[in-house]
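Peer 1: Using only what follows, build the 3D model:
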Amino acid sequence: MAEEIRAEMVANVWKVVAKQGDEITEDDPIVILESMKMEIPVHSEDGGTVVEIAVNEGDVVQEGDLIARVE
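Peer 2: Have a look, this model is predicted:
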């Protein structure tokens, strides 16, 4: 079952680090958000394969928006 990674706050997508098909561990950042001049890395709670990246660099995400799915 895929884990959905969602935004926890309103922020800009500063950098997309992972791409679809990448194998990640729980410590690997998927994207880096920027809010109020702070960089916030977003990690998966579990390792796995990135099956979808739902954002692009420069996007604005709202709280609860889908960022990525990891299986």
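
Peer 1: Under the pLDDT cut-off, which ranges of this structure? List them.
Peer 2: Counting by pLDDT under 70, not a single residue of the chain qualifies.

Peer 1: partner residues bridging residue 52?
Peer 2: residue 69 (DSSP bridges).

Peer 1: For residue 68, grab the count of nearby residues.
Peer 2: 24 (other C-beta atoms under 10 Å). In this view, the C-beta of every residue, glycine as well, is placed from N, C-alpha and C.

Peer 1: Quantify the burial of the closest residue to it other than its chain neighbours by counting its neighbouring residues.
Peer 2: Spatially, and ignoring its direct neighbours in sequence, residue 68 is nearest to residue 5 (4.6 Å; C-beta to C-beta, 6 or more residues apart in numbering). Close neighbours of residue 5, defined as other C-beta under 10 Å, add up to 21.

Peer 1: Which residues are in contact with residue 5?
Peer 2: 30, 42, 44, 66-70 (C-beta atoms under 8 Å, 6 or more residues apart in numbering).

Peer 1: Drop anything exposed from the residues you listed.
Peer 2: 30, 42, 44, 67-70 (16 or more other C-beta atoms under 10 Å).

Peer 1: Out of the residues you listed, which is nearest to residue 56?
Peer 2: residue 67 (10.9 Å; C-beta to C-beta).

Peer 1: Now do the strands in this protein.
Peer 2: 3-6, 11-16, 23-24, 29-35, 38-43, 48-53, 60-61, 66-70 (DSSP state E).

Peer 1: which of these sits most buried?
Peer 2: strand 66-70 (a mean of 20; mean count of other C-beta atoms under 10 Å).

Peer 1: Go ahead and confirm residue 66 touches residue 6.
Peer 2: Yes: at 5.8 Å, residue 66 counts as touching residue 6 under the criterion of C-beta atoms under 8 Å.
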